[in-house]
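Undergrad: For reference, the sequence and a predicted model appear below.
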2 protein chains.
Amino acid sequence: MSQLHQFIDFAVHCARLAGEAILPYFRASPEVHNKAPQGKFDPVTAADRMAEAVVRREIERVYPDHGIHGEEQGVTAGRSPYTWFIDPIDGTRAFMLGHLHWGTLLALNDGSRPILGLMHQPYTGETFIGSQLGGEFRHGDSIRPLKTRATSRIEEVVLCSTDPAMLYTPHLKDAFDRLATHVRAVRWGGDCYTPCMVAAGSTELVVETGLKLWDVQPLIPIVEAAGGVISDWNGGPADRSDKVVIAANRELHQKVLRVMGYGG
Amino acid sequence: MSQLHQFIDFAVHCARLAGEAILPYFRASPEVHNKAPQGKFDPVTAADRMAEAVVRREIERVYPDHGIHGEEQGVTAGRSPYTWFIDPIDGTRAFMLGHLHWGTLLALNDGSRPILGLMHQPYTGETFIGSQLGGEFRHGDSIRPLKTRATSRIEEVVLCSTDPAMLYTPHLKDAFDRLATHVRAVRWGGDCYTPCMVAAGSTELVVETGLKLWDVQPLIPIVEAAGGVISDWNGGPADRSDKVVIAANRELHQKVLRVMGYGG
């Protein structure tokens, strides 16, 4: 088995451990909420911390040379060039509301770029994986390849984005609104789920702002392995920015950047 | 077994049949989309029609006296006062995008009010049921009661709504925006999922417009059986309006109506 295969198996294993740590906090019973001092019970923070701690422990055990960069506990430098990025729960608000569009994000960066990315939704048992070996969607016992759509007509696609409140400057909002007038419709909500849906060929276009390194690193291999394109709003590398455009194919991606004309 | 128990079992059975009809169309492979003439493949319409047809057939077979009011095929008058309401896929846009916040809605109205309501998400295997016998959440082999939260502090709740584009008049938008300034945050996206999350005690507040009879009828028993309150934007009956306010408890509901001050 190649080293990359081993890394993928290990990432799947870590994501499962994270999921086991998270699920007891998902949809915690209303009794728990009703009894807590008002506004004091925060299951998502507890789940986030538990999940990151368990994944960190496992990385330290199996790959003690590797660095770790997690949302909750920051950076642990490694002696090798490899660094793991961990977002234990991407989509914390969705999680809090009992919704389903959240998941654990993991990436392994080889010192120059993310060589594997993974999204795991433990409640639905879905895992999206991307690497040079290809893109894969696992659900229960079924495995199918990730493959994006060929649609490049901008007027036929739905623009997915998580939250209008993230368009926090007029310049951002103008670029987004320009794009919105060209697409079939805009759909809000989704977090880490929508890029995976582009990779899986269910939709074509995601535009986000406010992302962090631990969000972006895992998405890059998932999208690219499926044939999609991910960049910042100007076409530059997605992992140098908090703003990403994710498109099902290069032609659509280029059209979208032209219409947005961001230049920020 | 009481007649209501029998109706519930029958509704669960019909929802499962609908789910079996729907699932083959969910996340249809990108090859299918890539090969279809542009914009011509519409899996959600096909799934909607198939699912409603199979449920109608089953109602006609088991309760030939009952009326049927479905989204796709309209009204079939019955000889008894009972009428079934069917929304085979609520959340068609979510379905189209490969998202998870959609489901089959069923209600049985006894001639004066909906006496049972059901939401079934066949992909996740979740079923939310409400009636005079109580509220129930079924997931796989587990069953737990539906029970809303006691939180009534408006500044602590997240306002859930499906789509800002549904606020189609300035008067609607003003009332919604007034409420938005009082809550902790606004979350877009959700369709039939968010009222079920209020019933399940995961969240507290949903405000929607543009609903149809077949959407509203199933939600009323689900929300009420869990201890929640559902009305139109002025506090009147939810099933006479396309605009609903769904709150976890009466105190929160009254505060929300006061803040909105709709009067439309």
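TA: Looks like it arrived, so ask away. Predicted model, so just to flag it, every value in this text is computed and none were measured. Residues are numbered from 1 along each chain as shown, chains lettered A, B, ... in the order given.

Undergrad: Could you pull up the residues touching A:A180?
TA: A:L159, A:V186 (C-beta atoms under 8 Å, 6 or more residues apart in numbering or on different chains). The way it works is simple: take the backbone N, C-alpha and C, and place the C-beta from them, glycine included.

Undergrad: sec struct for it, please.
TA: Using DSSP: H, G, I helix; E, B strand; the rest coil, the structure places A:A180 in helix.

Undergrad: Equivalent analysis for the one 10 residues further on, please.
TA: Classification of A:G190 using three-state DSSP returns coil.

Undergrad: What of A:D65?
TA: Criterion first, three-state DSSP; result for A:D65: coil.

Undergrad: Pull the number of nearby residues for it.
TA: Applying other C-beta atoms under 10 Å in any protein chain shown, we find 10 residues neighbouring A:D65.

Undergrad: ok, now which ones touch it?
TA: Counted by C-beta under 8 Å, 6+ apart, A:D65 has contacts A:G78, A:R79, A:S80, A:Y82.

Undergrad: Tell me where chain A has helices.
TA: Taking DSSP state H to define them, one finds helices in chain A at A:3-22, A:30-35, A:43-62, A:92-96, A:170-182, A:193-199, A:213-225, A:250-260.

Undergrad: could those helices be laid out in a markdown table, adding mean pLDDT?
TA: Converted to a markdown table, those look like this (pLDDT from 0 to 100):
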| stretch | mean pLDDT |
| --- | --- |
| helix A:3-22 | 98 |
| helix A:30-35 | 66 |
| helix A:43-62 | 94 |
| helix A:92-96 | 93 |
| helix A:170-182 | 95 |
| helix A:193-199 | 97 |
| helix A:213-225 | 96 |
| helix A:250-260 | 97 |
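
Undergrad: Need the winner for burial among those helices.
TA: Greatest average neighbour count among these goes to helix A:193-199 (a mean of 29), per mean count of other C-beta atoms under 10 Å in any protein chain shown.

Undergrad: so how far is chain B from A:E72?
TA: According to C-beta to the nearest C-beta, to the nearest Å, A:E72 and chain B sit 21 Å apart.

Undergrad: For that residue, which residues are in contact?
TA: A:E72 makes contact with A:D48, A:R49, A:E52, A:A53, A:P88, according to C-beta under 8 Å, 6+ apart.

Undergrad: Not including adjacent chain positions, what is the nearest residue to it?
TA: A:E52 (4.4 Å; C-beta to C-beta, 6 or more residues apart in numbering or on different chains).

Undergrad: Quick check: the one you found vs B:T169, distance?
TA: Distance from A:E52 to B:T169, counting by C-beta to C-beta, to the nearest Å: 46 Å.

Undergrad: sorry, back to before: what's the closest of the contacts of A:E72 to B:A175?
TA: Proximity of the contacts of A:E72 to B:A175 (C-beta to C-beta) peaks at A:D48, which lies at 35.2 Å.

Undergrad: Tell me which residues touch that closest one, please.
TA: The contact partners of A:D48, taken as C-beta under 8 Å, 6+ apart, are A:E71, A:E72, A:P88, A:I89, A:T92.

Undergrad: close enough to count as contact, A:Y25 and A:D42?
TA: No: A:Y25 lies out of contact with A:D42 (C-beta atoms under 8 Å); the separation is 9.5 Å.

Undergrad: Counting neighbours, go ahead and name the busier of those two.
TA: Remark: of A:Y25 and A:D42, A:Y25 carries more neighbours, 20 against 13, as counted by other C-beta under 10 Å.

Undergrad: Report the contact partners of the more buried one.
TA: Contacts of A:Y25 (C-beta under 8 Å, 6+ apart): A:P43, A:V44, A:A46, A:A47, A:M50.

Undergrad: quick one: pLDDT of it?
TA: With respect to pLDDT, A:Y25 has a value of 93.

Undergrad: Dead centre of chain A: give me the residue that sits there.
TA: A:C192 (3.8 Å; C-alpha atoms, centre = their mean).

Undergrad: Just give the closest residue to that one, not the sequence neighbours.
TA: A:D90 (4.1 Å).

Undergrad: try A:R79
TA: Counting by C-beta to C-beta, 6+ apart, A:R79 lies nearest to A:D65, which is 4.7 Å off, once chain neighbours are set aside.

Undergrad: Next one: that neighbour, what pLDDT does it get?
TA: Value for A:D65, per-residue pLDDT: 98.

Undergrad: For it, give me the backbone phi and psi.
TA: With angles defined as degrees, to the nearest 10, A:D65 sits at phi -80, psi -20.

Undergrad: where's it relative to chain B, distance?
TA: 38 Å.

Undergrad: and if you look at A:H5?
TA: 25 Å.

Undergrad: okay but that residue is in contact with A:Q132, surely?
TA: No: assessed by C-beta under 8 Å, A:H5 is found out of contact with A:Q132, at 10.8 Å.

Undergrad: Going by distance to chain B, which of the contacts of A:D65 wins?
TA: A:Y82 (31.9 Å; C-beta to the nearest C-beta).

Undergrad: Quick check: A:K212 touching A:D90?
TA: No: the pair A:K212 / A:D90 is not scored as a contact, 9.3 Å apart, by C-beta under 8 Å.

Undergrad: Among the two, which residue is more densely surrounded?
TA: A:D90 (25 against 13).

Undergrad: What's opposite that one in the beta bridge?
TA: Per DSSP bridges, the residues bridged to A:D90 are A:G103.

Undergrad: per-residue confidence for it?
TA: 96.

Undergrad: Distance check, it against chain B.
TA: From A:D90 to chain B the distance is 15 Å (C-beta to the nearest C-beta).

Undergrad: For that residue, give its distance to A:L118.
TA: 11 Å.

Undergrad: Same check on A:D48?
TA: Per C-beta to C-beta, A:D48 is found 17 Å from A:L118.
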